[in-house]
Each structure stands twice: as structure tokens, then as C-alpha cells.
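# need a 3D model of the sequence below.
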Amino acid sequence: MYKETNTRSVIKGVSWRFVATGTTIVIVFVFFGRLDLAIAAGLIETVLKVALYWGHEKVWQRIRWGRKRIEPFNLWLTGLPLSGKTTIGDKVYEKLQKLDIPLERIDSKDIRELIPDVGYTREDRNRHMKRIGHLIQTLQKNSISTVASFVSPYRESRKAIRTMVKNNIVVYVKADIETCKKRDYKGVYEKALNGQIKNFTGVSDIYEEPQHAEIVIDTETTGPDEAAEIIYRYIKKNYVK
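Have a look, this model is predicted:
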């Protein structure tokens, strides 16, 4: 998933040679008692072996045997508004970054800012999900995995995502409506209940619970850090071994 650059290979070779050259100089000096001979032997060996090391690395870059490809995956967090999808997704993303794999974070609020005219009817939402699916497809073609968090309330749109992308991992971030209302620092539930927001999931529109989620996180009993660790372990076990 990463290509070793020539510069990196050279620097690796030089850094190793500092250690190896010092060892050579010490050995030659101990056996022959001549510092000039020891330094000359060390310098000659350094020049030759840096070049040989660089060539050796280039050859191994072309050999596919023994390499293990990490297939890109898509982590799809779904749940009611304010269930905790974004918070958990951000924490999982931070943990996965430590694995040093190509990774992108996609959240509904960021996409809505880029495409502000997307509606909230069932048809609009399903069409929007297909756009996200195409985006993830493009990233996966470049070996980039994704952590995506969207309400995605309808089974047909989640099914479309599963069909479109590779290694789709559905995480159902479960929370009842009353819990989500308590977390509503934006006041969106109150606006929806007052009729100011139309087609609001959980109030004036339905949320169809996933029937085949790979992971279910009950936020009533599981905090964000613990949830992130559960998801991280699942990915480590099944996708990044």
C-alpha cells in the first residue's frame, strides 16, 4: 500500500552503515592495531555496501512474493441523529491511523456542507447515499479505507452501499429516541417536534434498524472510548492482521 522511495532507501542504508562502519573500524583496529587501516577499511566498506543495499531494496520492491495486500474496507456507522455516530467514528479513525494505512474520514455533516441542496425525502436520501457509495468506490480503487458516519435510515440505501463497496462493515450505533433528545445540544429534536424541520429521522420519518449489522454498539451501556476499542479490535482481527 506504500512504495518505498529512493530517498528513504538511501537514508535507511546510510543510517545503518554508521553503525556497521563503526563496528568494522573497531574490529580491524583490534586485529591489526592500525587506525589508518581501520578507517580506510570502514570507509570502503561503507561506500560499497550503501550502493549494494540500495540495489538490494530496489530488487525486492519488484518481487511480489511474501507481500500481503491489505484490502480496503468501509466502516459504516448508522443510527438515529445524535446517537453518537460522529463521536465514535472520530475516535475509531484516530485509533486506526496508528496502523499506518491509507484512511479517510467521511461524515454526513461535512458532505452536507459540500452538497447543501440535498433534500431529506426518502428518494433524496437514497440518491445521496449512492453518491457516497461512488465516492467510497473511488477511494477504494486507490486502496484507501474509509470511516463513514451517516444516519442512513433506510434499509435499501444501506443495502446499496453494501453492494457497491468492498468489505463493508455496518456498525449500528444504538440509542433510543429519549436518549438522543437528552444529547441534543443543537436543539434539532425540539425543532422537529415543533414542525420546523420536516422528514426528521425518529420524529417525522422512520429509522429502519439494521438487521445484519456486523457490530452493534448500545450507547446506553457502552461509552465512546469503549465502543471505539470494540470496533478497532474487530478491524484488526478481520482486516488488518
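
# how about the secondary structure of Leu77?
Secondary structure assignment for Leu77 (DSSP: H, G, I helix; E, B strand; the rest coil): strand.

# mind listing what it touches?
Lys85, Ile88, Gly89, Val147, Ala148, Ser149, Phe150, Val171, Val173 (C-beta atoms under 8 Å, 6 or more residues apart in numbering). No exception for glycine: its C-beta is placed from N, CA and C like everyone else's.

# report the beta-bridge partners for it.
Leu77 forms beta bridges with Ser149, Val171, as assigned by DSSP bridges.

# against Asp205, how distant is it?
According to C-beta to C-beta, to the nearest Å, Leu77 stands 19 Å off from Asp205.

# about what we covered before: and of the contacts of Leu77, the nearest to Tyr185?
Relative to Tyr185, the closest of the contacts of Leu77 is Lys85; by C-beta to C-beta it sits at 14.7 Å.

# ok, which stretches of the protein are strands?
For the chain, the strands defined by DSSP state E cover 74-78, 103-107, 145-149, 168-174, 215-218.

# mind listing what's buried in the last one?
So the one you mean is strand 215-218. Neighbour counts over strand 215-218 (16 or more other C-beta atoms under 10 Å) mark Ile215, Ile217 as buried.

# which neighbouring elements make contact with it?
strand 168-174, helix 224-238 (3 or more C-beta pairs under 8 Å, 6 or more residues apart in numbering; DSSP states H and E).

# pull the distance from the longest one to the chain's centre.
This points to helix 224-238. 12 Å (C-alpha atoms, centre = their mean, to the nearest Å).
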